[in-house]
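>>> Based on what follows, work out the 3D shape:
(one chain, ligands or ions: 3)
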Amino acid sequence: MKPVKVGILGLGTVGGGTVNVLKRNAAEIARRAGREIIVTRASSRDLGKPRICSTEGIAVTADPYDVINDPEIDIVLELIGGAGPVKDMVLAAIANGKHVVTANKSLIALHGNEIFAKASEKGVIVAFEAAVAGGIPIIKAIREGLSGNQIQWLAGIINGTGNFILTEMREKGRDFADVLAEAQALGYAEADPTFDVEGIDAAHKLTILASIAFGIPLQFEKVYTEGITKITRLDVDYAEKLGYRIKHLGIARKTGEGIELRVHPTLIPERRLIANVNGVMNAVLVKGDAVGPTLYYGAGAGADPTASAVVADVVDVTRALTSDPENRVPHLAFQPEAIKDIPILAPDRFKSAYYLRLNAEDKPGVLADVTKILADHRISIEAIIQKEPPANEKAVPIILLTQVTLEKEMNDAIAKIEALPTVTGQVCRIRLETLG
Ligand SMILES: NC(=O)C1=CN([C@@H]2O[C@H](COP(=O)(O)OP(=O)(O)OC[C@H]3O[C@@H](n4cnc5c(N)ncnc54)[C@H](O)[C@@H]3O)[C@@H](O)[C@H]2O)C=CC1
Ligand SMILES: N[C@@H](CC=O)C(=O)O
Ligand code: NA
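Ligands and ions are numbered 1, 2, ... in the order given. Just a heads-up that it's a prediction; the model follows:
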């Protein structure tokens with residue numbers, strides 16, 4: 001059989017890694033796919049830039065449309081990133097009848113509903129395994145491996161850069177900015193690293209996971225999103241003293257009233273497996289009604305691990321080239337006409353336990369004022385740490401762990417605590433997760 005011809009848009013970390021893996025494992029990949037897979041063309045914005053891959057045998061051009069409009073190409077790999085000009089590139093590739101493989105979570109989270117509809121009209125596949133949790137085959141696991149289940153919830157460390165920063169801060173006491181710069185140099189971070197540290201990248205990924213888990217449309221704008229920029233060394237240390245680790249999680253949970261979609265730092269008991277997922281590694285827990293809890297672990301970013309997912313999609317597409325489009329695995333796991341608009345809960349209806357840190361004057365009665373406010377909002381306290389004030393300072397940090405409460409009650413209580421004349425600055429709050 002004729003080889004399958006692949007064209008690549010973007011030869012950066014993931015594009016370069018993909019060329020390398022396709023070349024290194026060509027024979028093994030062909031045995032799996034049933035056909036040889038070759039990269040014939042690629043487009044790169046800066047032709048003179050040093051690359052991590054060789055481009056021998058690949059016609060490299062500056063214009064992505066040279067790839068998209070090449071009639072010989074069967075599969076276009078979109079490995080540029082961003083949700084701007086690449087949307088038109090992907091739609092043009094689909095219009096030309098090409099299958100598309102992408103690692104681009106922002107594109108799928110923001111424009112996936114439209115892209116998949118167009119792809120189905122044209123009978124082509126848009127595959128996106130690399131877009132969530134890098135090399136972990138989590139899309140395949142949920143979309144195919146767990147298709148007998150009602151998914152109840154999922155929770156994951158789904159940003160490698162953020163987890164790398166939190167790990168280095170905790171283990172080595174390193175500074176946030178210094179570790180972020182290293183993550184960028186290693187090729188883990190997004191082109192705009194605020195996407196990593198402000199939780200936007202994780203929210204893109206959670207949008208995709210929730211859609212394939214619950215059969216709902218992609219709706220990024222409804223994800224509650226907090227990043228890791230407000231986490232201090234102090235909180236990392238206090239969490240540790242209390243027996244917890246701080247991890248940045250994406251959580252999607254089905255409740256009787258709707259679906260919770262949230263991304264935020266979370267205290268997790270240190271004995272839990274997910275609390276021990278470190279560095280650039282990602283992990284996703286998925287609870288199905290039939291299978292129970294399942295856990296998926298692996299590298300969340302980096303050239304070769306991400307290429308592993310891109311190439312697996314290329315193999316899947318190759319295997320499906322001769323199949324009837326009606327009988328393929330649906331893009332979003334559920335048949336397009338079966339996707340339902342289940343309500344997404346507003347954040348004030350979330351329930352969780354909390355870690356609170358506040359700075360208060362070292363005077364009798366201050367703690368009593370704080371605990372009274374919490375009691376008035378029916379918030380029970382699980383643990384309190386009150387430290388001696390540092391030398392020459394009047395304010396003393398108070399750390400509280402609460403039991404599970406409604407977010408609205410906590411918001412109201414925090415507003416009252418911050419208004420106390422004896423409390424200075426803002427209350428730092430981090431949600432606690434037991435993932436039970
Ligand atoms: N780096 C990683 O570990 C992972 C990245 N991703 C995603 O993969 C995609 C690519 O990311 P990276 O490889 O890290 O980015 P990168 O910045 O290393 O590579 C992107 C490449 O695209 C090129 N480019 C930009 N505009 C172009 C255009 N108009 N035509 C041709 N080339 C153009 C850039 O010059 C650059 O070389 C993004 O969507 C990212 O979110 C997904 C999983 C992991
Ligand atoms: N910037 C992302 C790359 C992979 O998706 C991350 O750090 O996880
Ligand atoms: Na993946």
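>>> Number of residues surrounding residue 344?
18 (other Cβ atoms under 10 Å). Where C-beta positions appear, they are placed from N, C-alpha and C, glycine not excepted.
>>> these two touch, right, it and residue 219?
Yes - counting by Cβ atoms under 8 Å, residue 344 does reach residue 219; the two are 6.6 Å apart.
>>> between those two, what contacts are shared?
residue 261 (Cβ atoms under 8 Å, 6 or more residues apart in numbering).
>>> Contact partners for the closest residue to ligand 2 within the stretch 1-150 of the chain?
Distance from ligand 2 to each residue of the stretch 1-150 of the chain (Cβ to the nearest ligand atom) is smallest for residue 134, at 5.1 Å. Residue 134 makes contact with 160, 282, 298, 299, 300, 301, 302, 305, 306, 309 under the criterion Cβ under 8 Å, 6+ apart.
>>> Keep those, but drop any that are not near ligand 3.
Among those, proximity to ligand 3 is found for residue 309 (Cβ under 5 Å from the ion).
>>> From the contacts of residue 134, pick the one nearest residue 322.
Closest to residue 322 out of the contacts of residue 134 is residue 309 (23.1 Å), distances taken as Cβ to Cβ.
>>> host element of the closest one?
helix 303-320 (DSSP states H and E).
>>> That helix near ligand 1 at all?
Yes - applying Cβ under 6 Å from any ligand atom, one finds helix 303-320 touching ligand 1 at residue 306.
>>> How is the chain partitioned into domains?
Split into domains by automatic domain parsing, the chain comes to 4-135+304-338, 138-300, 349-432.
>>> can you put those in TSV and add mean pLDDT?
Formatted as TSV, these follow (pLDDT from 0 to 100):
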stretch	mean pLDDT
domain 4-135+304-338	97
domain 138-300	97
domain 349-432	93
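>>> Dihedrals phi and psi, residue 222?
Phi and psi for residue 222, reported as degrees, to the nearest 10, are phi -100, psi 0.
>>> Residue 383 - nearest residue in space that isn't next to it in sequence?
Spatial nearest neighbour of residue 383, chain neighbours left out: residue 401 (4.3 Å); criterion: Cβ to Cβ, 6 or more residues apart in numbering.
>>> got a list of contacts for the helix or strand containing the one you found?
Residue 401 is part of strand 395-402 when elements are defined by DSSP H and E. The set of residues external to strand 395-402 that reach it, using Cβ under 8 Å, 6+ apart, is 234, 238, 242, 353-362, 366-367, 370, 374, 379-389, 410, 424, 432.
>>> From residue 354, how far off is residue 230?
Applying Cβ to Cβ, to the nearest Å, the value for residue 230 to residue 354 is 14 Å.
>>> Looking at the two, which has the bigger crowd around it?
Legend: neighbour count by other Cβ under 10 Å for residue 230 and residue 354, higher for residue 354 (23 against 12).
>>> Specify the local secondary structure of that one.
strand (DSSP: H, G, I helix; E, B strand; the rest coil).
>>> which strand residues sit across from it in the sheet?
residue 431 (DSSP bridges).
>>> And for the one 5 residues further on?
Residues in a beta bridge with residue 359, per DSSP bridges, are residue 397, residue 424.
>>> do residue 5 as well
With DSSP bridges as the rule, residue 5 is bridged to residue 38.
>>> That one: neighbouring residues, count only.
Residue 5 sits with 17 neighbouring residues when counted by other Cβ under 10 Å.
>>> thinking it is in contact with residue 40, fair?
Yes - using Cβ under 8 Å, residue 5 is in contact with residue 40, at 4.8 Å.
>>> intersection of neighbour lists for these two?
Residues within reach of residue 5 and of residue 40 at once, by Cβ under 8 Å, 6+ apart, are 72, 73.
>>> Share the number of residues neighbouring the residue in the stretch 51-200 of the chain positioned nearest to ligand 1, please.
Closest approach between the stretch 51-200 of the chain and ligand 1, counting by Cβ to the nearest ligand atom: residue 81, at 2.9 Å. By other Cβ under 10 Å, the residues close to residue 81 number 23.
>>> so who does it touch?
Shown in contact with residue 81 (Cβ under 8 Å, 6+ apart): 10, 103, 104, 106, 190, 191.
>>> Recalculate using a threshold of 6 Å.
By Cβ atoms under 6 Å, 6 or more residues apart in numbering, the contact list for residue 81 reads 104, 191.
>>> Over to residue 89?
Counting by Cβ under 6 Å, 6+ apart, residue 89 makes contact with residue 64.
>>> Quick check: which element contains it?
Using DSSP H and E, residue 89 falls in helix 85-95.
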